[in-house]
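*Asks:* dropping the sequence and predicted coords here.
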Amino acid sequence: MNTNWKLQIHPETNAENILQGTYYRISILTDGLIRLEYRKDGVFEDRPTQIVWNRNFPKTEFRCIETSDSLELFTRRVHLVYDKKEFSPNGLSIEIIGSFTAYSSIWHYGDTFETLGGTARTLDTADGAVPLEDGIISKNGFSVMDDSRSLILREDGWVEPRKGKGLDLYFWGYGHDYLDALKDFYHLCGKAPMVPRYALGNWWSRFYRYSEESYRELMERFEQENLPFSVAVIDMDWHLVDIDPKYGSGWTGYTWNRDLFPDPKRFMDWLHERHMHVTLNVHPANGVQAHEEAYLPMAKALGVDFEQEQPINFDVSDPAFLDAYFTYLHHPNEEMGVDFWWVDWQSGGISKVEGLDPLWMLNHYHYLDNGRDGKRPMTFSRYSGPGSHRYPVGFSGDTIVTWESLDFQPYFTATASNIGYGMWSHDIGGHMLGTKDDEMAGRWLQFGVFSPIMRLHSSNSEFNGKEPWRYQKEIGEMMGDFLRLRHRMIPYLYTMNHRAYAEDLPLILPMYYHYPEAEEAYQVPNQYEFGSELLAAPITSPRIPKLNVAKKTVWLPDGIWFDCFSGRTYRGGRTMEVYRDIHSMPLFAPAGAILPMTEELKNTEQNPRSLHIQIFPLADGAFSLYEDDGCTSKYLDGDFVTTEMSLHWGDTVEFTIEPPMGNLHLLPEKRSWKIEFRQIQPCQAELWINGQPSPLTTRYDKERRSFCLETGEIPADTKIQIRLFGVQAAENDISSDVFSFLNQAEIAFALKDRLYQKVSSSKDPILLLSELV
């Protein structure tokens, strides 16, 4: 058996957390997570499953009252009553301690229950919303995850069906402590691993018959336009597709089309020289036919009659096939330059083994195989059920190009966090059919920039390319600006990438995670937290005719918030309608937010030499910038570096960047820092380097109402302190904002004059403006 398939996991339950009878076993994994097993043969399962890997929670405090025919269990969160018989609605119930509904939060075995949703296997052919599977989060305070049918993971890394029949349920009873539930989900089902740094940049993808020459020309055009891309996705035309019908349709293939790519290694080397990473599309369902270059050695290895050109059937339930599948079909291409694989499985969930989904097998073993040489593994495939977060990145499938598809995707992406799935990649701009709509394409790209993965994609229609220059000039320029913004945000995104692993917090969270008791948090399904510092509400509907702006309903929690594009200040604690032209979208930072970015736009695997830190005023703040080598799994062993930043907002404003801690060899020897204080007036400033006063360069950006300081290049291990004196917040430029809003509106001049006069004469213009724009 392939040694790369073995896992370092901990499926055993702490014996002190177990209550057991002849036919039942109850494991109190935490005070809110209860495992419920019932088997008539009395044989219980302690090995890991496809879903559950780690049951080794610490000892849980609980109280038990037991008689010969009943069991009553109390923890801090739940109250369980059980009659020690076969599970039944009358004999097994669990009540959540606390009031979470108008009645009570109690589950009886067999009850249906309502959650806040999880995710779905695919959005293939979706034109709007699709049904979602359940997640573990519920306003009612509880949910149930059924693990009764998942296969067992053996010690050697292979899978086998369960023996016999029984029930294996996990009851989640965390009330509205959604973050605690999610943290324990990641412990139970496995951590969300970090993706490589390059995955957080822009991906170029298209179902199109490129050649080496045409692909290189396109990448060079992107370079000329200063459009940074870090991943090159080569769809299925990399391999032979026009084949003899006796070998099939050509949908499955592993032999390069040398007419299009005469030297695949040269082609991929060229991309790597530009610090781009390569993934190839594969549809493995039709196996390996005799025309493939890899057929003969693979057939010999598997004992297939190659003289009769017997096909090598796809059989993911056979470990010998799977080992040969990687050895002969994938590893040679990886040696030439393929970094990871786009596993485009569209052939259902049936295999030779009952209950064994080929998609899960492909996701699991592709991910393990991709990391066999110590590099940080990644795969690119559809969702295959709970636990799929262990195999990033998710491919959501071939959606229809409509506003309805766009409108569903922010909600779909955020809600996936309810089952721990934090790395969806969508076909940004939509894949197929639909109608060309430049505004929709622009708004879709904006959402993509504030998604886990930013991957432009389209069909092979000659008219459906996603290159920015294919659109109206205004929208194409905006697209370029947002693509560059995505690349500049990588320091922030990469820190959030580590946060997802270390703190069990996905990049995107629905608003109700941190505000579970605020009903407003449940009423903005397309609004979400984008990491620790940002709140995003992508626009998913057309602009208002004549006004040339789009409307979005947003909810800002209590506090002071800033529009990240304009700097405009908002008072929180309310739901409101905001309006944005095509150049921006609703994106907010709270007072005290610290947002690390870079000025560098060239692709590189090195950590940046220049950093741009945006600081939002009027409150204290802190941020820990995380960096590592970006491409290996050494982070698991503590090989990384962190840089602590802190903001103290008072009569004197102090911003401190501490010397980095950890493996300093991961950083450039010198760094330059640009510190931008948003939405303040010009003021006096001091720069201290390692405790000594130092000259500094300052400037004031009137358009952004930002005060900027630059250090120049200094050693990367320097302590930086900035002090600001006499700081005053910049007021919203009401007159300018309203004038711009009205100036571009295609409405009657008299109405413009009347509205502008009313705003100009208002005694409370800030409140009026915030309601207007």
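*Replies:* Now that the structure is in, tell me what you want to look at.

*Asks:* what helix or strand is Ile94 on?
*Replies:* strand 92-96 (DSSP states H and E).

*Asks:* C-terminal to that strand, what's the next element?
*Replies:* strand 106-108.

*Asks:* next SSE downstream of that next one?
*Replies:* Note on strand 106-108: by DSSP H and E, the next helix or strand toward the C-terminus is strand 143-146.

*Asks:* and Tyr109, how close does it get to Gly117?
*Replies:* 23 Å (Cβ to Cβ, to the nearest Å). Any C-beta I mention is one placed from the backbone N, CA and C, and that applies to glycine too.

*Asks:* should've said Asp427
*Replies:* Relative to Gly117, and taking Cβ to Cβ, Asp427 is found at 21 Å.

*Asks:* who has more neighbours out of the two?
*Replies:* Using other Cβ atoms under 10 Å as the criterion, Asp427 and Gly117 rank with Asp427 on top: 28 against 22.

*Asks:* who touches that one in this structure?
*Replies:* Ser205, Ser396, Gly397, Asp398, Thr399, Arg455, His457, Ser458 (Cβ atoms under 8 Å, 6 or more residues apart in numbering).

*Asks:* the first one: which element?
*Replies:* When elements are assigned from DSSP H and E, Ser205 belongs to strand 202-206.

*Asks:* hmm, who's touching the helix or strand just after that strand?
*Replies:* Downstream of strand 202-206, the first helix or strand assigned by DSSP H and E is helix 212-224. If you take Cβ under 8 Å, 6+ apart as the criterion, helix 212-224 is touched by 204, 210, 228-229, 232, 234, 260-263, 266-267, 270-271, 274, 276, 467.

*Asks:* what residues go with each domain of the protein?
*Replies:* Residue ranges for each domain of the chain read 3-189, 230-395, 594-725, 732-773, as given by automatic domain parsing.

*Asks:* how about those in a markdown table, adding mean pLDDT and distance to Gly559?
*Replies:* Listed next are those as a markdown table, based on pLDDT from 0 to 100; distance: least, Cβ to Cβ, whole Å:
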| stretch | mean pLDDT | distance to Gly559 |
| --- | --- | --- |
| domain 3-189 | 96 | 19 |
| domain 230-395 | 96 | 31 |
| domain 594-725 | 96 | 8 |
| domain 732-773 | 77 | 14 |
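
*Asks:* Val195 is nearest to which of those domains?
*Replies:* When the domains of the chain are compared by Cβ to Cβ, domain 230-395 sits nearest Val195, at 5.2 Å.

*Asks:* for the stretch 401-550 of the chain, what spans make up the helices?
*Replies:* Secondary structure of the stretch 401-550 of the chain (DSSP state H, counting those that start in this stretch): helices at 403-415, 438-449, 473-488, 490-503.

*Asks:* could these be laid out in TSV, adding mean neighbour count, distance to Arg35 and mean pLDDT?
*Replies:* Putting these into TSV (neighbours: other Cβ atoms under 10 Å; distance: least, Cβ to Cβ, whole Å; pLDDT from 0 to 100) gives the following:
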stretch	mean neighbour count	distance to Arg35	mean pLDDT
helix 403-415	23	25	98
helix 438-449	24	38	99
helix 473-488	19	42	98
helix 490-503	21	25	99
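
*Asks:* out of those helices, the one nearest Glu160 is which?
*Replies:* With Cβ to Cβ as the measure, helix 490-503 is the member of these nearest Glu160 (29.4 Å).

*Asks:* show me what whatever helix or strand Ala299 lives in is packed against.
*Replies:* Assessed by DSSP H and E, Ala299 sits inside helix 295-302. Counting by 3 or more Cβ pairs under 8 Å, 6 or more residues apart in numbering; DSSP states H and E, the packing neighbours recorded for helix 295-302 are helix 319-324.

*Asks:* residues in contact with the helix it packs on?
*Replies:* Residues from elsewhere that reach helix 319-324 (Cβ under 8 Å, 6+ apart): Met1, Asn2, Trp158, Met298, Ala301, Leu302, Ile312, Phe314, Asp315, Val316, Met361, Tyr365.
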